[in-house]
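Visitor: how does the following fold in three dimensions:
(one chain, ligands or ions: 1)
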Amino acid sequence: MSDPRVNGIGMTSARTRERLVQRLQEQGICNLRVLDRIRQVPRHLFMDEALASRAYEDTALPIGFGQTISQPYIVARMTEAVLAGGPIDRLLEIGTGCGYQTAVIAPLVGHVYTIERIVALVTRARRTLRELNIRNVSFRHDDGNVGWPARAPFDGILVTAAPQEVPPKLFEQLAVGGRLVAPVGPEGRQQLMRYTRREQRMVQEVLGAVSFVPLLPGLQR
Ligand code: SAH
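Guide: Numbering: from 1, shown residues only. Below you'll find the model as predicted:
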């Protein structure tokens, strides 16, 4: 890509991004394909220009509508966690937000089905991903609590807003061998969880403490 807007300059340049990748490596992210996506995806294009100079800091930042763009470390960690365990043909994502997580994982799976409850964010994420030529993504303005039954089962499910408990409909839409990665719990006490569906049971792992916006019920127009 030779588009200077995508490649970035100064605080959005390749060198600044490389520092972020190094930092994530130091913190234990080791999937090279995931690290390469963090290197490639122009995070500054997912946020307001006023904040672009901070795009490659490892921190969550506001994107409007009371929502945030996730911290790069968390995006990398969740991507790595859902990919571990086998190839993903169909991935369901709940909480598109600005679409950064979507853009990071899209080329690493067959197809992404992503759901967001705030319509303005759906519109914006769709536009940004089109600009980046990422085409294997279907967007939906809906309440992610119900999942996307028409496209189930999914080999992977990423939930990027925190429910008190994982909505049962999401577990129902997970294929055998599939992984669901989600922050679970009340504000201030969330744990990142990975659930793997086995024939007869669900295997549960705690990946660590996190801080996400809550998974809310219903739609916002
Ligand atoms: N994935 C984003 C971060 C998303 S923040 C990134 O890469 O930066 C969480 C998002 O989940 C918000 O946009 C919020 O509006 C959305 N959300 C919250 N509850 C939801 C629900 N029930 N269904 C769909 N989206 C929801």
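
Visitor: how about low-confidence regions in this protein?
Guide: By pLDDT under 70, the weakly predicted segments of the chain are 1-2.

Visitor: spell out which residues of it are next to the ligand.
Guide: 67-70, 75, 94-95, 97-98, 100-101, 115-118, 121, 143-145, 160-161, 213, 215-216 (C-beta under 6 Å from any ligand atom). Glycine gets a C-beta too; all of them are placed from N, C-alpha and C.

Visitor: tell me which of these fall in helices.
Guide: Among the residues of the chain next to the ligand, DSSP state H puts Val75, Tyr100, Gln101, Leu121 in helices.

Visitor: find the centremost residue of the protein, please.
Guide: The residue lying closest to the centre of the chain (C-alpha atoms, centre = their mean) is Gln101, at 3.0 Å.

Visitor: so that one makes contact with Thr160?
Guide: Yes: with contact defined as C-beta atoms under 8 Å, Gln101 reaches Thr160; the gap is 5.7 Å.

Visitor: list residues touching both of the two?
Guide: Ser70, Met78, Glu93 (C-beta atoms under 8 Å, 6 or more residues apart in numbering).

Visitor: closest to Gly185 out of those residues?
Guide: Met78 (15.6 Å; C-beta to C-beta).

Visitor: neighbours of that closest one, how many?
Guide: For Met78, the neighbour count with other C-beta atoms under 10 Å is 26.

Visitor: which of the ones in helices among the residues of the chain next to the ligand lies closest to Leu170?
Guide: Gln101 (16.2 Å).

Visitor: just the ones of the shared contacts of Gln101 and Thr160 in strands?
Guide: Among those, DSSP state E puts Glu93 in strands.

Visitor: so what's the closest residue to Gly110 other than its chain neighbours up against?
Guide: Closest residue to Gly110 apart from its sequence neighbours, by C-beta to C-beta, 6 or more residues apart in numbering: Asp89 at 3.9 Å. By C-beta under 8 Å, 6+ apart, the residues touching Asp89 are Val109, Gly110, His111, Asp155.

Visitor: ok, so of the residues you listed, who is nearest the ligand?
Guide: Within the contacts of Asp89, the smallest distance to the ligand is 14.9 Å, found for Val109 (C-beta to the nearest ligand atom).

Visitor: need the three-state assignment for the nearest residue to that closest one once chain neighbours are set aside.
Guide: Leaving aside its chain neighbours, Val109 sits nearest to Ile88 (4.2 Å; criterion: C-beta to C-beta, 6+ apart). Per DSSP: H, G, I helix; E, B strand; the rest coil, the local secondary structure of Ile88 is coil.

Visitor: any idea how many residues pack against Ile88?
Guide: Should you count by other C-beta under 10 Å, Ile88 turns out to have 22 residues around it.

Visitor: and for Thr68?
Guide: Applying other C-beta under 10 Å, I find that Thr68 has 18 neighbouring residues.

Visitor: tell me which helix or strand the nearest residue in space to Leu45 that is not next to it in sequence sits in.
Guide: Among residues not flanking Leu45 along the chain, Thr128 sits closest, at 6.0 Å (C-beta to C-beta, 6+ apart). Per DSSP states H and E, Thr128 falls inside helix 119-131.

Visitor: same question for Gln191.
Guide: Residue-wise, Gln191 maps onto strand 190-197 under DSSP H and E.

Visitor: for that strand, the distance to its chain's centre please.
Guide: Computed by C-alpha atoms, centre = their mean, to the nearest Å, the chain-centroid distance of strand 190-197 equals 14 Å.

Visitor: just the C-alpha atoms of the helix or strand following it, please, in CSV.
Guide: Using DSSP H and E, the next helix or strand after strand 190-197 towards the C-terminus is strand 202-210. Output of strand 202-210 as CSV, limited to C-alpha atoms (Å, rounded to 0.1, in the frame of the first residue of the first chain):
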residue,chain,number,x,y,z
MET,A,202,-17.6,-26.7,28.0
VAL,A,203,-13.9,-26.3,29.1
GLN,A,204,-13.3,-23.0,30.9
GLU,A,205,-10.0,-21.1,31.3
VAL,A,206,-9.4,-17.8,33.1
LEU,A,207,-7.0,-15.6,31.0
GLY,A,208,-6.7,-12.6,33.4
ALA,A,209,-8.2,-9.4,34.7
VAL,A,210,-9.5,-6.9,32.1
